[in-house]
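*Asks:* Only the shape, not the letters, is given here:
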């Protein structure tokens, strides 16, 4: 399992420790289930991204974005699937990550 991390710079949106803990807990659960094998983290000017992969050489299966500029409107958090479709959006990370809860979600090839 390889991790690719781009560190925060000034003027960059990044994840807080609590948010990373939540993301990595879900990631660990999905790795244990054999669904995910790699991840990447990026801090960009207007948003931060946590992407998950089945294989490092593929495009991401899912990515979770934190966009602080959307916090008051539709919520700062969103989960995207392949093709860029929004699967879930919300104001707090925990409820958004419930999309990946056992029994509520299954990866389909």
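*Replies:* The structure has been received and is ready for your questions. Since this is a predicted model, take the numbers as computed values, not measurements. Numbers count the residues shown, from 1 in each chain.
*Asks:* Going along the chain, name the strands of this structure.
*Replies:* In the chain, the strands defined using DSSP state E lie at 3-5, 38-43, 48-53, 62-66, 77-81, 86-90.
*Asks:* Take the ones you listed and write them to a markdown table, including mean pLDDT.
*Replies:* Listed next are these as a markdown table, based on pLDDT from 0 to 100:
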| stretch | mean pLDDT |
| --- | --- |
| strand 3-5 | 51 |
| strand 38-43 | 95 |
| strand 48-53 | 97 |
| strand 62-66 | 96 |
| strand 77-81 | 96 |
| strand 86-90 | 95 |
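*Asks:* For residue 14, which of those is the nearest?
*Replies:* strand 38-43 (3.8 Å; Cβ to Cβ). From N, CA and C alone the C-beta is placed, and that goes for glycine too.
*Asks:* by contact count, what packs against the closest one?
*Replies:* Where contact means 3 or more Cβ pairs under 8 Å, 6 or more residues apart in numbering; DSSP states H and E, strand 38-43 is packed against strand 3-5, strand 48-53.
*Asks:* if you set the cut-off to 10 Å instead, what comes out?
*Replies:* In this structure, strand 38-43 packs against strand 3-5, helix 17-32, strand 48-53, strand 62-66, with contacts taken as 3 or more Cβ pairs under 10 Å, 6 or more residues apart in numbering; DSSP states H and E.
*Asks:* and that strand, which strands flank it?
*Replies:* Within its sheet, strand 38-43 is paired with strand 3-5 (parallel), strand 48-53 (antiparallel), according to DSSP bridges.
*Asks:* Can you check what angle separates that strand from helix 17-32?
*Replies:* Relative orientation of strand 38-43 versus helix 17-32 (axes from the mean of the first three to the mean of the last three Cα atoms, to 10 degrees): 160 degrees.
*Asks:* now the angle from strand 38-43 to strand 62-66?
*Replies:* Inter-element angle recorded for strand 38-43 and strand 62-66: 20 degrees (by the same axes, to 10 degrees).
*Asks:* Is the residue nearest in space to the middle of the chain bridged to anything, and to what?
*Replies:* Centrality entry for the chain: nearest residue to the mean C-alpha point is residue 64, 2.7 Å, by Cα atoms, centre = their mean. Residue 64 has the following beta-bridge partners by DSSP bridges: residue 50, residue 79.
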